[in-house]
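Undergrad: Prediction below, plus the sequence it came from.
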Amino acid sequence: MALDDYKRKRNFRESPEPEGDQERTRASRRGQPRFFCVQKHLASHLHYDFRIEHEGVLLSWAVPKGPSLDPKTKRLAMKVEDHPFEYGTFEGVIPSGYGAGIVMLWDVGTWTPLADDVDAALAKGDLKFELDGYKLKGSWVLVRTRAWGKGQPDDGRSWLLIKHRDDWAGDVDIVEFAPLSVKSGHDLHEILAEEQPDLWVSNRDAPGGAAGAMLREIIDKAAALKSARPPATRTTDATRPSRTATTTRARKPPANTNTTKKRTSRTTAPARRARRKP
Ligand code: MN
């Protein structure tokens, strides 16, 4: 476990992503509640990156369909390279290179393992834990599974993310119900428009070559997602924190996770009401 893979894939002179320092983070984070986040990532495919802090890095899984609150709906989660802790609050545009696209901070909070030895649980392929985020809460499990699809080599990267049955389970489609950023309140196309207004407005000034083609494709996808979404969605996105506190482009993760808890108690009541069956 280290950031070697992460660093090998990126050029930090060109990418806005943080470089990270595992040892320093491990030392400075000792004794603090464990951080988790979910980043909605519009790259060649839209997916959700589920990340949990462990030993100074963020263990990461790419979840194509995003988490489900329904215990019967098991979501494929592909294990990907560890990410720096500082990456956990990143939101913005990666203009080119590995992971090029738009990253939205979709959920953030703390996690608690329900096992004494996280490494042993991971090695066994069965990690039970609790989440306390804005959107995701309660008890969950990550279980390693066999690779999907014929002829796929079983490289041990296929996992399932499953909600356990508890007060926070339900049949609300959480990725549809709460689609916006918990950091900015923005949707994917707004994140793009804020950072690269020319690209978003004109769709002309994208860089050339493969990266430019990819970015143009992503702009088209963001536009399609925008037009597909009913305008009412924004007002029902009850988990969105106030803009004022979150619009700063902070590179540092929240220094004090208590703010998350405070906001959570204020915002969960409407979310829970809406989750209740009619
Ligand atoms: Mn990703």
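TA: Looks like it arrived, so ask away. None of these values were measured; they are calculated from a predicted model.
Undergrad: burial of residue 106, as a residue count?
TA: 29 (other Cβ atoms under 10 Å). Placement of C-beta: from N, CA and C, glycine included.
Undergrad: ok so residue 96 is a strand residue?
TA: No. Using DSSP: H, G, I helix; E, B strand; the rest coil, the assignment for residue 96 is coil, not a strand.
Undergrad: What residues does the stretch 151-278 of the chain have near the ion?
TA: Not one residue of the stretch 151-278 of the chain sits near the ion, judged by Cβ under 5 Å from the ion.
Undergrad: Residue of the stretch 151-278 of the chain closest to the ion, please.
TA: residue 218 (12.4 Å; Cβ to the ion).
Undergrad: Check the chain too.
TA: For the chain, Cβ to the ion, closest residue to the ion: residue 41, 3.7 Å.
Undergrad: partners of the helix or strand that residue falls within in the sheet?
TA: Using DSSP states H and E, residue 41 maps to strand 34-42. For strand 34-42, the paired strands and their directions (DSSP bridges) are strand 46-54 (antiparallel), strand 101-113 (antiparallel).
Undergrad: Adding distance to residue 37, write the ones you listed out as JSON lines.
TA: Formatted as JSON lines, the strands paired with strand 34-42 follow (distance: least, Cβ to Cβ, whole Å):
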{"stretch": "strand 46-54", "distance to residue 37": "5"}
{"stretch": "strand 101-113", "distance to residue 37": "5"}
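Undergrad: Kindly present those strands as a markdown table, with separate columns for distance to the ion and mean pLDDT.
TA: Below are those laid out as a markdown table (distance: least, Cβ to the ion, whole Å; pLDDT from 0 to 100):
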| stretch | distance to the ion | mean pLDDT |
| --- | --- | --- |
| strand 46-54 | 4 | 96 |
| strand 101-113 | 8 | 96 |
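Undergrad: who wins for proximity to residue 87 among the ones you listed?
TA: Closest approach to residue 87 among the strands paired with strand 34-42 (Cβ to Cβ): strand 46-54, 7.5 Å.
Undergrad: Export that closest one to CSV, keeping only CA atoms.
TA: In CSV, the C-alpha atoms belonging to strand 46-54 read as follows (Å, rounded to 0.1, in the frame of the first residue of the first chain):
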residue,chain,number,x,y,z
LEU,A,46,-19.4,8.4,-15.2
HIS,A,47,-18.6,6.6,-12.0
TYR,A,48,-18.3,7.2,-8.2
ASP,A,49,-15.0,6.9,-6.4
PHE,A,50,-15.5,5.5,-2.9
ARG,A,51,-12.5,6.3,-0.7
ILE,A,52,-11.7,5.5,3.0
GLU,A,53,-8.8,6.8,5.0
HIS,A,54,-6.4,4.1,6.2
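Undergrad: about what we covered before: what about the residue of the chain closest to the ion, how many neighbours?
TA: 19.
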